[in-house]
Structures are given as structure tokens and as C-alpha cells.
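*Asks:* Provided below are the primary sequence and the corresponding predicted coordinates.
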Amino acid sequence: MAAAAASSPFPAASKLAAAHPPPEGVKYAYGTAGFRMRAELLDAAVVRMGMLAALRAKQTGKAVGVMVTASHNPVADNGLKMVDPSGGMLAASWEVLAAKLANAGIADVGAELAAVAGEGACGDAACEGAVVIVGRDTRPSSPALADLVAAGVASVGGSVLDGGVVSTPQLHYLVGASNATARACESARLGGLRPDVDGYFARLATSYKACLAAAAVDAAAAAPEQGTTIIDAADGVGGPQAARTASDLAGALSWEVRNAGDSASLNDGCGAEFVQKGRTPPRGVDAASDALPGSRICSLDGDADRVVFHAFVPAEGEAGASWELVDGDKLAALLAVTVGAPLKRAGGEA
């Protein structure tokens, strides 16, 4: 095996791949959500995706991202998804390459990389200057998998920027901001694009206040007079991120975070997937204490890239409350009405 690695067009990468063989009988499939399965089955796939991400960064001349997460899956699972330089999803043509490389035999990894890199672009330093931003969620398995991604990047000569524990939307922002892909006018109006997590929070706060101003809403009066907003953070990365956002928007927006940080209970009886599919409230909330006028509940998933709203609605003139879910379709309709009103006032078309 050592001789095969030495004769490979990518010697260091082939040696690393040999040290992390795919489990017997496992077939990797890269879809919209990237790779996702039991965490202990992922070593081979994530180390090879580090290599592929570096090649993508080298060929585009811009940073790309890798997020280690399994989103709304149970805590024993994990996964990986790649982020293109725009901050959007990986190009569909590269999803095919990802699956092919992940499933290649150990002896074929170097050849598969060479097919992607092109003639004359191989070797242990092939991706010198390429940058891959790696983020991860709060699962216990995520740090080790993120380290394997970094090892894969390094094996082909690329460099890693550690995004740390971030939500998936934050990683998308970090990649897009690093490559300055936002329109200049929008960037200037909202305070620029700082390619770090502080820049993400600053932009979020500035954008929210700009929306209030456009709708002629007094920021100090934006918080409800009664009740509160409760965030069910699914015991994932959304807990600390929501707390930071509330701090940045103090006086304009307030909420209470529940299910905020026990990663061992990630997505267990809580979170957007549990609420939407089960049509039931998450743990940590109940009608007895949370059925207050003006109160509403927001459930995130484990990597905070998905949301549903719901509430306990007190019955008029009667004891008790009914639970009502506002799913994606209803949220879309609500957004259309909310955006349409200021457009009409401004003389535009809704």
C-alpha cells in the first residue's frame, strides 16, 4: 500500500485515504443535505471531502466551505456538506464528483483526484494557496470529523480556516463574505461584509433594524407588550447564537431560549423536525405556563438553518389553550403579506 501511495499522482492524499478506509458495505450518497449517516461510518468520506474542497477552492481561486453537521438527525449521526464560493450550495456537477471520490477504492483515490485536478495540477502541493473554511455543530463527534476534513485539505497542499462551532447559515455567510460576493450597494448600505462571526451578527442586527425602519416601526416598540418569544434551540448550536442575537438587539427584540445546550439531547423531543413532523410541541414548553397573550414559540433544528413557529392560543372566554403550528407554507404567506405592505406604501408592487 505504501508503494501504491508513492506512485500515486497525489502521494500524501493516497496515504491518508489508506489510513481511513471506508467501512465494509457502506455506500456514500451526496444529496441536497450532503453526506449524512452514523458518525462512526464517516471518516473515509470526510477526509476525502477535505481533499475535494481544496481542489474546488484551487480551481475557483476562492475560499470554499465545509460544514460538519447532520442537521435535524439524532445526535449519534453526523454528516458533511460543502459550500461554494458564492456562499451557496455546492454546484450539482461537483456533487457527482463528491460521491464518486467518496466511494472510490483506496488504490483509486489518487487517480480520481487527478481526474478532477487536470493534467499538470497534481502532487502534494497541488492546492497551495487554496483556502477551505471548516465549521461544525455541537455534536460530540464533530470536532474529530472536522480534524479529518482539515487533514484532507492539508494532504493536497491547501490551508484551513477554522470557523469553529457555528450554525450552517453562519458558515455560508463566512464563505460568501470571505469572497466578497455580495453586491457592493447592498454591502455598503448594511455596513459591509466582515468575514467573521462578529460580522455576521453585526449584519443581522443592522438588517433587522433596517427592516423596521423601512416599515416605519419604532425599534423600541417592536418587542411585544405582553408575552414573549420562546426559542426552542433543539439543544444545538442555535442556543448560544440566539442568545448573542438577543444581546445585539436589546431593546428591539427579546426572547427566551430553551433546550439551549445539552448536546447529548440534540433534536431529542425538540427542534423544528420534531415539531413539524410530529405536529406536537417540543419538550420544555407547556400550555400551563406558556399560553400567554402575545407569546409565540420558534423551533430551530440542530444546525439552526430551519425554523417553524407555533403557539399555545388561549381560548376566548374558556379555560385552556389550543396548540397551533405555523409551518413553511404559512410562513411564506405571512412573509409575503409583511413585505407587501411596505412595498405598497412605497409605491411598488406587492
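*Replies:* Ah, there it is.
*Asks:* Could I get the contacting residues of the nearest residue to Pro22 once chain neighbours are set aside?
*Replies:* Nearest non-adjacent residue to Pro22, counting by CB to CB, 6 or more residues apart in numbering: Ala44, 3.9 Å away. The way it works is simple: take the backbone N, C-alpha and C, and place the C-beta from them, glycine included. By CB atoms under 8 Å, 6 or more residues apart in numbering, Ala44 lies in contact with 17, 20-23, 28, 102.
*Asks:* now Asp301
*Replies:* Applying CB under 8 Å, 6+ apart, we find Asp301 in contact with 71-72, 234, 236, 238, 267, 271-273, 307.
*Asks:* now do 7 Å
*Replies:* Applying CB atoms under 7 Å, 6 or more residues apart in numbering, we find Asp301 in contact with 71-72, 234, 267, 271-273.
*Asks:* all helices for this structure, in order.
*Replies:* Listed in chain order, the helices of the chain (DSSP state H) span 2-6, 11-19, 43-60, 92-102, 109-117, 142-155, 168-178, 184-189, 197-214, 238-248, 272-278, 287-290, 328-345.
*Asks:* Is it possible to get TSV of those helices that adds mean pLDDT and distance to Asp124?
*Replies:* Formatted as TSV, the helices of the chain follow (pLDDT from 0 to 100; distance: least, CB to CB, whole Å):
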stretch	mean pLDDT	distance to Asp124
helix 2-6	58	11
helix 11-19	97	4
helix 43-60	98	11
helix 92-102	96	17
helix 109-117	96	11
helix 142-155	98	7
helix 168-178	95	25
helix 184-189	52	37
helix 197-214	84	32
helix 238-248	89	37
helix 272-278	95	42
helix 287-290	88	57
helix 328-345	78	46
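*Asks:* about what we covered before: among the contacts of Ala44, who's most crowded?
*Replies:* Among those, Ala17 has the most neighbours (other CB atoms under 10 Å), with 29 neighbours.
*Asks:* from what I can see that residue touches Ile106, true?
*Replies:* Yes: counting by CB atoms under 7 Å, Ala17 touches Ile106, with 5.7 Å between them.
*Asks:* Overlap of the contact sets of the two?
*Replies:* Counting by CB under 7 Å, 6+ apart, no residue touches both Ala17 and Ile106.
*Asks:* Next, find the distance separating the residue nearest to Pro22 from Lys344.
*Replies:* Ala44 sits 55 Å away from Lys344 when distances are taken as CB to CB, to the nearest Å.
*Asks:* now do Val134
*Replies:* On the measure of CB to CB, Val134 and Lys344 end up 44 Å apart.
*Asks:* quick one: which of those two has more around it?
*Replies:* The neighbour comparison of Val134 against Lys344 (other CB under 10 Å) goes to Val134, with 25 against 11.
*Asks:* hang on, the more buried one packs against Ala146?
*Replies:* Yes: taking contacts as CB under 7 Å, Val134 lies within contact range of Ala146: 5.3 Å.
*Asks:* Just the pLDDT for Gly123.
*Replies:* According to the predicted model, the pLDDT of Gly123 comes to 89.
*Asks:* ok, it to Val156 distance?
*Replies:* 8 Å.
*Asks:* what is in contact with those two at once?
*Replies:* Common contacts of Gly123 and Val156 (CB under 7 Å, 6+ apart): Phe10.
*Asks:* ok now do Gly50, which residues does it touch?
*Replies:* 66, 132, 148-153.
*Asks:* Gly34 now?
*Replies:* For Gly34, the contacting residues are 79-82, by CB under 7 Å, 6+ apart.
*Asks:* now swap in Lys277 and tell me
*Replies:* Applying CB under 7 Å, 6+ apart, we find Lys277 in contact with no residue.
*Asks:* That one and Arg48: what is the separation?
*Replies:* Going from Lys277 to Arg48 by CB to CB gives 32 Å.
*Asks:* next one: Lys15
*Replies:* Using CB to CB, Lys15 is found at 13 Å from Arg48.
*Asks:* can you check Ala311 too?
*Replies:* Distance of Ala311 to Arg48, given as CB to CB: 45 Å.
*Asks:* next one: His310
*Replies:* For His310, the distance to Arg48 equals 40 Å [CB to CB].
*Asks:* Generate JSON lines for the helices of the chain, with distance to Ile297 as supplementary columns.
*Replies:* As requested, the helices of the chain are exported to JSON lines (distance: least, CB to CB, whole Å):
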{"stretch": "helix 2-6", "distance to Ile297": "54"}
{"stretch": "helix 11-19", "distance to Ile297": "45"}
{"stretch": "helix 43-60", "distance to Ile297": "34"}
{"stretch": "helix 92-102", "distance to Ile297": "35"}
{"stretch": "helix 109-117", "distance to Ile297": "46"}
{"stretch": "helix 142-155", "distance to Ile297": "27"}
{"stretch": "helix 168-178", "distance to Ile297": "20"}
{"stretch": "helix 184-189", "distance to Ile297": "32"}
{"stretch": "helix 197-214", "distance to Ile297": "20"}
{"stretch": "helix 238-248", "distance to Ile297": "13"}
{"stretch": "helix 272-278", "distance to Ile297": "9"}
{"stretch": "helix 287-290", "distance to Ile297": "7"}
{"stretch": "helix 328-345", "distance to Ile297": "14"}
